[in-house]
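In: Mind folding the following:
(one chain, ligands or ions: 1)
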Amino acid sequence: MSERESMYNEQGQVVGIKAPIYLKYNFTAGAAAARFLQQVKKGVLTGQRCPKCQQVYTPPRGACAACGVATEEEVRLSDKATVQSFTIVSIPIPNNPIKPPYIIANLVPDGANISFIHLMSECVNEEVHIGQRVQAVWKPQEEWDYAMDNIRYFKPLDEPDVPPEKIGKIPVTGWEG
Ligand SMILES: [Zn+2]
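Out: Numbering: from 1, shown residues only. Modelled structure (predicted):
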């Protein structure tokens, strides 16, 4: 469909306009995420455990969505993780040096039950799979900030795959196969 066809209907009436916008905003992390980001600045991943269902959430939001109770207990997590799901992206990220195709994955860090989204690299895209073991590749320490992009990406580990039913159930001490 051409640009003209997409903006007018058959009667020549305008049915849409292109209006690129740029939003500049400040993100207020909140108490739980602020504590998480303070640890990320030190190169440490943390989660919070629900006192009721024992699930460990990362990044923590300060409450368990399933139980509706506050999560106070901080849990230190590994920077090793398991691929829960992934997608191969063919569209470039604006102003990002990563060239497509690249992998975006839902990764469950050891010790947590919930995944976060991050990049994978140093991998053969076609060989990435659910259950694959990966580890964070951190930026140089002097570049660390209050941000998850302190981790450049996750790279594959030479460890046995985690069976799908065990993803998100690995203790922080690690995966023994
Ligand atoms: Zn809970």
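In: Give me the contacts around the helix or strand containing Val75.
Out: Assigned by DSSP states H and E, Val75 belongs to strand 73-77. Strand 73-77 has contacts (Cβ atoms under 8 Å, 6 or more residues apart in numbering) with 35, 44-49, 51, 56, 58, 109-112, 172. (Glycine included, C-beta is placed from N, CA and C.)
In: Tell me the gap between it and the middle of its chain.
Out: How far strand 73-77 lies from its chain's middle: 18 Å, per Cα atoms, centre = their mean, to the nearest Å.
In: again with stretch 100-109
Out: Worked out by Cα atoms, centre = their mean, stretch 100-109 lies 8 Å from the chain centre.
In: Over to stretch 149-164?
Out: So, by Cα atoms, centre = their mean, the centroid of stretch 149-164 is 12 Å from its chain's centroid.
In: buried ones in that stretch?
Out: Asn150, Ile151, Arg152, Tyr153, Phe154, Pro156, Glu159, Asp161, Val162 (16 or more other Cβ atoms under 10 Å).
In: Could you export that stretch as PDB, keeping only the C-alpha atoms?
Out: Provided in PDB are the C-alpha atoms of stretch 149-164 (Å, rounded to 0.1, in the frame of the first residue of the first chain):
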ATOM      1  CA  ASP A 149      21.800  -1.600  30.200                       C
ATOM      2  CA  ASN A 150      24.700  -2.000  32.600                       C
ATOM      3  CA  ILE A 151      24.300  -5.500  31.100                       C
ATOM      4  CA  ARG A 152      25.200  -5.200  27.400                       C
ATOM      5  CA  TYR A 153      23.600  -8.500  26.600                       C
ATOM      6  CA  PHE A 154      23.400 -12.200  27.600                       C
ATOM      7  CA  LYS A 155      25.600 -14.800  25.900                       C
ATOM      8  CA  PRO A 156      25.200 -18.600  25.800                       C
ATOM      9  CA  LEU A 157      26.700 -20.700  28.500                       C
ATOM     10  CA  ASP A 158      28.200 -24.200  28.000                       C
ATOM     11  CA  GLU A 159      25.700 -25.800  30.400                       C
ATOM     12  CA  PRO A 160      23.000 -28.400  29.900                       C
ATOM     13  CA  ASP A 161      19.600 -27.000  28.900                       C
ATOM     14  CA  VAL A 162      16.900 -26.600  31.600                       C
ATOM     15  CA  PRO A 163      13.700 -28.600  30.900                       C
ATOM     16  CA  PRO A 164      10.900 -26.200  30.200                       C
END
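In: Identify the residues contacting it?
Out: Taking Cβ under 8 Å, 6+ apart as the rule, stretch 149-164 contacts 40-41, 43, 79-82, 105, 107, 118-123, 128-139, 143-144, 170, 175, 177.
In: same question for it, mean pLDDT?
Out: The average pLDDT within stretch 149-164 is 95.
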